[in-house]
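Enquirer: Sequence and predicted structure are below.
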Amino acid sequence: MAGAMAAAAAGGMLLLLRRGRPPPGLGPAPRRYRYKEKWAATAPRIPPTRLALHHFDVTYSLQLRDQWPSVRAGLLCEQKYGALLNNFSAVRHVAQELELLNATDFVSPAPKKEAGRGDGVSPEGSGEGRTAARAETVTRAETSPPLRASIRSNIRCYTFPRGDITRFRPARPDTLGLLDYYLMDAASLLPVLALNVQPDDFVLDLCAAPGGKTLALLQTGICGHLAANDVSISRTKRLYQILHSYVPREIRETVRVTSYDGRDWGQLEGGTFHKVLVDVPCTTDRHSVMEQDNNIFHRRRTKERQMLPMLQLQLLMAGILATKPGGEVVYSTCSLSPLQNEHVIERAVEVAETQYNISVQVEDLSHFRMLFQDTFSFFSDCRLGELVLPHLTANFGPMYFCKLRRM
């Protein structure tokens, strides 16, 4: 009995030593015996996807109100894709194959709808629910020129009808090794259509990687010169892969691919381009709620996320400075956030006027809602530009795009 008590006492002293506590009547334990429980390193942390969803619940519920529950459900469900046909491949049989599956080219019906618009002015009431007065720094422009036939006849993108969740098969190479179509969020094509490239235009894709929009610009077949830039070397490699897989060598060699910091482009080649696409880094809302990897809501990336609107403004300003007078810029994100969308536009118009003495007009793109309402769900209360909302029956987006004209 005495031996058992002595063993228990010795065990208790050892436990105290391990915890860094001196036993009664003794001094501090030697440093080598001290032990600190590092519970913070092993305690469960909130994953970035949950942080993102909580942030969106707080902010987007105020912005979208009754629409937020359906948009939320769309963000958390499988994304819907479109198949951008590769005009450099033998696509005739591919189009027939897709049509047999009940997929349709959502761009082709645009000419008939445009013809039905008459003088091109948006019908009264098409902007219902929008804020009547825009910011004083934004000049309301005339309705943008309609989509030209040269673009509509060349770009073809097939989607399945609303509510149809059929998946496209993987792309296949033709006899020359070029893949027959590129799978992308079909809403990502809208900024390219809004850019409305004309024959022999000098075009800049300022944040080009991974390359879907660059590929779509090449599908028009009318770019006089195309520069594709992305600051990330690794993402630029992905752009090269896309060009190699879809574009013949003689065509892709005409594309100038660079890896400059896009914010410096206005100083590098100011006033050079007719059209500039500025598809900026953003919170990438769908990715943020679905994927842990490379998630901008990770706690280590908090400052980077908070600085996004400033980075977006700097990139948009570089795009404006890179255009010729009379040139056009399309700004786009895959976020629902007004801070990354309309507020960046308003600030850019103000900065262009006050710091560079450049007048910039915001173009009216409301006719896009009429042209593509059968394919996408648009947010009617977007103050500037257009916003595609995810929806379970048409789960594209989010995609925000706005067109500016340098006067």
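Expert: Done, it's in. Being a predicted model, the structure only gives us computed values, none of them experimental.
Enquirer: what's the burial count for the nearest residue to residue 259 once chain neighbours are set aside?
Expert: Among residues not flanking residue 259 along the chain, residue 236 sits closest, at 4.9 Å (Cβ to Cβ, 6 or more residues apart in numbering). Glycine gets a C-beta too; all of them are placed from N, C-alpha and C. Residue 236: 20 surrounding residues under other Cβ atoms under 10 Å.
Enquirer: what helices or strands is the helix or strand containing residue 236 leaning on?
Expert: According to DSSP states H and E, residue 236 maps onto helix 233-246. Helix 233-246 sits against helix 212-219, strand 255-258, with contacts defined as 3 or more Cβ pairs under 8 Å, 6 or more residues apart in numbering; DSSP states H and E.
Enquirer: buried stuff in the shortest one?
Expert: Which is strand 255-258. Applying a neighbour-count criterion of 16 or more other Cβ atoms under 10 Å, one finds 255, 257 buried in strand 255-258.
Enquirer: Following the chain past the helix holding residue 236, name the next helix or strand.
Expert: By DSSP H and E, the next helix or strand past helix 233-246 is helix 249-252.
Enquirer: quick one: the strands in the stretch 301-407 of the chain?
Expert: Listed in chain order, the strands of the stretch 301-407 of the chain (DSSP state E, counting those that start in this stretch) span 323-333, 360-364, 377-378, 386-389, 399-406.
Enquirer: can you give me the angle the longest one makes with strand 399-406?
Expert: For strand 323-333 and strand 399-406, the angle between their directions (axes from the mean of the first three to the mean of the last three Cα atoms, to 10 degrees) works out to 170 degrees.
Enquirer: Just read off the phi/psi values of the most centrally placed residue in the chain.
Expert: The residue lying closest to the centre of the chain (Cα atoms, centre = their mean) is residue 334, at 3.0 Å. The phi/psi pair for residue 334 (degrees, to the nearest 10) reads phi -110, psi 50.
Enquirer: what residues are up against it?
Expert: Contacts for residue 334 were tallied using Cβ atoms under 8 Å, 6 or more residues apart in numbering; they are 185, 188, 282, 284-286, 397-400.
Enquirer: Can you tell me how far residue 234 is from residue 323?
Expert: 28 Å (Cβ to Cβ, to the nearest Å).
Enquirer: Those two: which has the busier surroundings?
Expert: Neighbour tally, residue 234 and residue 323, criterion other Cβ under 10 Å: the higher count belongs to residue 323, 25 against 9.
Enquirer: thinking again about what came up before, got CSV for the helices and strands packed on helix 233-246, with distance to residue 349 and mean pLDDT too?
Expert: Formatted as CSV, those follow (distance: least, Cβ to Cβ, whole Å; pLDDT from 0 to 100):
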stretch, distance to residue 349, mean pLDDT
helix 212-219, 23, 96
strand 255-258, 27, 95
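Enquirer: Reformat those as a markdown table; add distance to residue 163.
Expert: Formatted as a markdown table, those follow (distance: least, Cβ to Cβ, whole Å):
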| stretch | distance to residue 163 |
| --- | --- |
| helix 212-219 | 25 |
| strand 255-258 | 38 |
